[in-house]
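1. structural data only, the sequence is not supplied:
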């Protein structure tokens, strides 16, 4: 049973639902590095200014992967929703970043 993305929220509750079980914190962690080619391409994009699409796309893909992993972790525990969803990112070393998606896995039912 896959969690519907609309059942993931940054809020403390889902309007129209009540929590029937709390499974605790779930997370998805992705550690990514930039390739030499990606770094070179991004460096060239900085010369003209504006959005650095190579890095924007890498960031979006990484966040999406971390989010999917968090949802999978919640599903494995039997949850059908995630409350208080958040992202965090840390640079582990030059060019290597950890992205963490986390939240509280819960079982909810319609009121």
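-> All right, it came through fine. Fair warning: this is a prediction, and the values are worked out from it, not measured in the lab. Numbers count the residues shown, from 1 in each chain.

2. every contact and neighbour count from this point should use C-alpha atoms.
-> OK.

3. contacts for the biggest helix by length in the chain?
-> Looking across the chain with DSSP state H, the single longest helix is helix 53-77. By CA atoms under 8 Å, 6 or more residues apart in numbering, the surrounding residues in contact with helix 53-77 are 1-3, 23, 26-30, 32, 38, 41-42, 80-82, 87, 99-103, 105-106.

4. now do that helix, average pLDDT.
-> For helix 53-77, the mean per-residue pLDDT is 90.

5. could you point out which element follows that helix?
-> strand 81-93 (DSSP states H and E).

6. that following strand: which residues count as buried?
-> Going by neighbour count (16 or more other CA atoms under 10 Å), the buried part of strand 81-93 is 81-83, 85.

7. for the longest strand along the chain, packing partners?
-> Scanning the chain for the longest strand, with DSSP state E as the assignment, gives strand 17-33. Applying 3 or more CA pairs under 8 Å, 6 or more residues apart in numbering; DSSP states H and E, one finds that strand 17-33 makes contact with helix 53-77, strand 96-110.

8. any idea which of those gets closest to residue 11?
-> Using CA to CA as the measure, strand 96-110 is the one of the helices and strands packed on strand 17-33 that comes nearest residue 11, at 10.2 Å.

9. list the buried residues of the closest one.
-> 97-108.

10. give me the angle between that strand and strand 81-93.
-> Here strand 96-110 points in a direction 170 degrees away from that of strand 81-93 (axes from the mean of the first three to the mean of the last three CA atoms, to 10 degrees).

11. the closest residue to residue 92 other than its chain neighbours bridge partners, please.
-> Once flanking residues are discounted, residue 92 sits nearest to residue 98: 6.7 Å by CA to CA, 6 or more residues apart in numbering. In this entry, residue 98 is beta-bridged to residue 31, residue 90, by DSSP bridges.

12. I'd say residue 98 and residue 87 touch.
-> No: with contacts counted by CA atoms under 8 Å, residue 98 stays clear of residue 87, the gap being 10.5 Å.

13. pretty sure residue 100 is touching residue 91, no?
-> No: in this structure, residue 100 is not within contact of residue 91 by CA under 8 Å, at 11.5 Å.
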